[in-house]
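J.: just coords:
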């Protein structure tokens, strides 16, 4: 059987299993085992468990359940609502300040929890009702939270970036650092759009008031005293200090990523016990249960995806595909555009975890041969996969928003997130034009750490 036929058969069978409705882990594992039975030595089936174990025996992967525990501890407490409330009070006087506060709250919570759905749920459950009560259109309010939630896979600690670092065999510390400036760029773009959209909606509300005398809630003004502002800080500052402490421990060279994850999880549990009184077994049980369920699901997907990639490599499918891509002699930027377009299309159907582990063996060798920095590309790929979280037909964050705000029409949510998809693609373009956005910080910081070590 020729490599073209084998590769095509492998792709078709994978799509059939994916569209069958089977869970992703089972679909990938089934395809891998099927092709091992048909095209690999019979003894290969006896080593499935060994192969999965060897592929997952990475100290970097150990940080995933620990970061999930940290995120669950924060997500299951009132930290998200308190963070949002503090942002609202401090930014209330800025035009569109409520929308901007939601963007900033999403960014900070995402950096602490590392999960997009958790960010949407924690901030959106408080933010969407508040925005709608103050006259924001349903689609606008939903779009802000859905897009803000995507920052969870870009701002460190990001589970998606951990997996990319493993798949690409790159430094996790450098990758985390590379995501900070692009994350700040996206926050600035989202906040700028929120301010502009608010001005437009307020102008329309003023015109309606002059025409009919009906006053929208957007026209109401709200002020907070300095006492109210400072009363909000005691519950928020400790979590911000936790975020800063974890980053200092990681990038200061005081702890490995896994040690940092363990430290962050322990401190998060101590904080919610101290601030919210969450320390009794019945209070901690939901946190541990959520962590166990999410970690098991994610690690199972990772294990089956790695087995899937191993089979592709053994059968030389990934190598042949990479050689074919190189053999097309596309210019480096056309190659990059084609790869990112493929990632966008895959994002219609697959979550970021599966996209990374399935495509890395095929796309990374040609990109490296074309001279692209794989850390820089990891940031681009992450932003592109972010769009997959808010565009149909999968759009995980869209359905999270629909769950916490069932009265908002799905059509309004989709139209509300589309401007943010455009802003993400604009960020990708800016990072291509100015690559230093994603490379300057890791080069400077890691270089300084290395120099200090010597």
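T.: Arrived safely, thanks for sending. Predicted, not measured: the structure shown is a model, and the values here were computed from it.

J.: Does residue 330 touch residue 338 like I think?
T.: Yes: with contact defined as C-beta atoms under 8 Å, residue 330 reaches residue 338; the gap is 6.8 Å. Every residue, glycine included, has its C-beta placed from N, CA and C.

J.: Sketch out the low-pLDDT regions of the stretch 101-250 of the chain for me.
T.: 217, 219 (pLDDT under 70).

J.: hey, where'd the helices end up in it?
T.: Using DSSP state H, counting those that start in this stretch, the helices of the stretch 101-250 of the chain run over residues 116-133, 138-149, 159-168, 172-212, 226-231, 237-251.

J.: how about these, which one is nearest residue 7?
T.: For residue 7, the closest of the helices of the stretch 101-250 of the chain is helix 159-168, at 19.6 Å, according to C-beta to C-beta.

J.: Report all helices and strands that that closest one contacts.
T.: helix 63-75, helix 172-212, helix 281-314, helix 352-369, helix 374-388 (3 or more C-beta pairs under 8 Å, 6 or more residues apart in numbering; DSSP states H and E).

J.: go again using 6 Å as the cut-off
T.: Other helices and strands packing on helix 159-168, by 3 or more C-beta pairs under 6 Å, 6 or more residues apart in numbering; DSSP states H and E, are helix 172-212, helix 352-369.

J.: Which among those is found nearest to residue 375?
T.: With C-beta to C-beta as the criterion, residue 375 lies closest to helix 172-212 of the helices and strands packed on helix 159-168, at 5.2 Å.

J.: Also compute the angle for the closest one relative to helix 138-149, please.
T.: 170 degrees (axes from the mean of the first three to the mean of the last three C-alpha atoms, to 10 degrees).

J.: now helix 172-212 and helix 116-133, what's the angle there?
T.: 20 degrees.

J.: From here on, call the first residue 690.
T.: Understood, numbering begins at 690; the last thing we discussed is helix 861-901.

J.: now the angle from helix 861-901 to helix 926-940?
T.: Going by the same axes, to 10 degrees, helix 861-901 makes 150 degrees with helix 926-940.

J.: Can you tell me which of the helices and strands packed on helix 848-857 is nearest to residue 738?
T.: Of all the helices and strands packed on helix 848-857, helix 1041-1058 sits nearest to residue 738, with 18.3 Å by C-beta to C-beta.

J.: returning to what we had before: go through the helices of the stretch 790-939 of the chain and pick out the most buried.
T.: Most buried of those by mean neighbour count (mean count of other C-beta atoms under 10 Å) is helix 827-838; its value is a mean of 28.

J.: rewinding a little: turn the helices of the stretch 790-939 of the chain into TSV, including distance to residue 1004.
T.: Below are the helices of the stretch 790-939 of the chain laid out as TSV (distance: least, C-beta to C-beta, whole Å):
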stretch	distance to residue 1004
helix 805-822	34
helix 827-838	38
helix 848-857	18
helix 861-901	29
helix 915-920	62
helix 926-940	38
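
J.: any idea what sits nearest residue 993, other than its immediate chain neighbours?
T.: residue 718 (3.8 Å; C-beta to C-beta, 6 or more residues apart in numbering).

J.: Which SSE is immediately downstream of the helix or strand that contains the one you found?
T.: Taking DSSP states H and E as the definition, residue 718 sits inside helix 713-728. Counting by DSSP H and E, the element after helix 713-728 in chain order, helix or strand, is helix 737-745.

J.: buried stuff in that following helix?
T.: Buried residues in helix 737-745, counting neighbours by 16 or more other C-beta atoms under 10 Å, are found at 740, 741, 744.

J.: ok, of these, which one's closest to residue 1053?
T.: residue 744 (16.2 Å).

J.: and the closest residue to the closest one other than its chain neighbours, what pLDDT?
T.: For residue 744, ignoring the flanking residues on the chain, the nearest one in space by C-beta to C-beta, 6+ apart is residue 995 at 3.7 Å. At residue 995, the model reports a pLDDT of 81.

J.: Count the residues that sit near residue 995.
T.: Using other C-beta atoms under 10 Å, the number of residues around residue 995 comes to 23.

J.: wouldn't it be in contact with residue 746 here?
T.: No: judged on C-beta atoms under 6 Å, residue 995 makes no contact with residue 746 at a distance of 10.4 Å.

J.: For the stretch 1040-1143 of the chain, give me the ranges with low pLDDT.
T.: Low-confidence segments of the stretch 1040-1143 of the chain (pLDDT under 70): 1082-1083, 1135-1143.
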